[in-house]
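>>> model the structure of this input:
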Amino acid sequence: MSSSFKLSAVPVVASLACALSCGMLTPAVQAATPITVTSQSALDGPIRYTVRVTSKQFGNSLETRTIRSGQSDDFTWKTVPPGGAVPVTDACPNYGSLPLDANGAMIRQTQIRLAPVVGEDGTATVQLSFQAHKPDGTKTVTANGKSLKCPNDVSMSQVLRFTMPVNGSTKTLTLSDGTTVAISAKR
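Numbering: from 1, shown residues only. This is a model prediction of the structure:
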């Protein structure tokens with residue numbers, strides 16, 4: 001005895017069409033978006049910036065950071081000046097803006113704000129803001145009728161704009177007081 005199973009072609013095709021359109025079955029072949037692999041990162045990708053400061057007045061500093069195009073980063077270095085930190089009281093003028101150590105004595109401080117924007121050609125347009133303070137002995141000041149010995153605050157501030165490649169080469173800048181700032185950038 002043989003049994004046979006017959007299906008009508010119309011209901012089978014209708015069932016498959018419903019299954020495909022309702023999402024129950026997915027076609028076996030789907031077109032994939034091609035993937036292109038390149039060795040370069042996107043223009044807004046992370047770039048490693050190394051900043052080296054060489055200064056007779058404010059000391060030497062070096063640091064490497066990674067930032068993206070369009071971002072800014074603040075580098076701050078505090079060092080003890082030759083001769084040591086200079087004691088200061090909170091009654092001294094500009095006390096709140098002086099760089100202090102853990103004991104409340106004035107020390108040297110160098111700050112750089114680096115703000116690069118990388119163009120399509122791989123060249124960074126950079127704005128660099130440099131600020132530094134150091135004590136240079138003491139001076140006598142009068143505050144609220146009292147004579148005080150306060151640190152003689154020597155400060156320097158300068159803003160520079162320049163372009164540089166981001167291929168690892170170094171750009172060296174000389175500031176108005178002779179301080180040099182060397183910057184390299186690499187993807």
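
>>> the helices in the protein, which residues?
Applying DSSP state H to the chain gives helices spanning 9-21.

>>> tell me where it has strands.
46-54, 61-68, 73-79, 108-118, 123-143, 146-165, 167-174, 180-186 (DSSP state E).

>>> from Pro116, how far out is the residue lying closest to Trp77 once chain neighbours are set aside?
Leaving aside its sequence neighbours, Trp77 sits nearest to Ser61 (CB to CB, 6 or more residues apart in numbering; 4.0 Å). Where C-beta positions appear, they are placed from N, C-alpha and C, glycine not excepted. Note on Ser61: its distance to Pro116, by CB to CB, to the nearest Å, is 19 Å.

>>> which one's more surrounded, those two?
Neighbours were counted for Ser61 and for Pro116 using other CB atoms under 10 Å; Pro116 has more, 24 against 19.

>>> low-confidence ranges in this structure?
Along the chain, the parts satisfying pLDDT under 70 run over 1-44.

>>> rerun that using 80 as the cut-off
Scanning the chain with the threshold set as pLDDT under 80 gives 1-45.

>>> which residues sit in contact with the residue nearest to Trp77?
51-53, 75, 77, 79, 110 (CB atoms under 8 Å, 6 or more residues apart in numbering).
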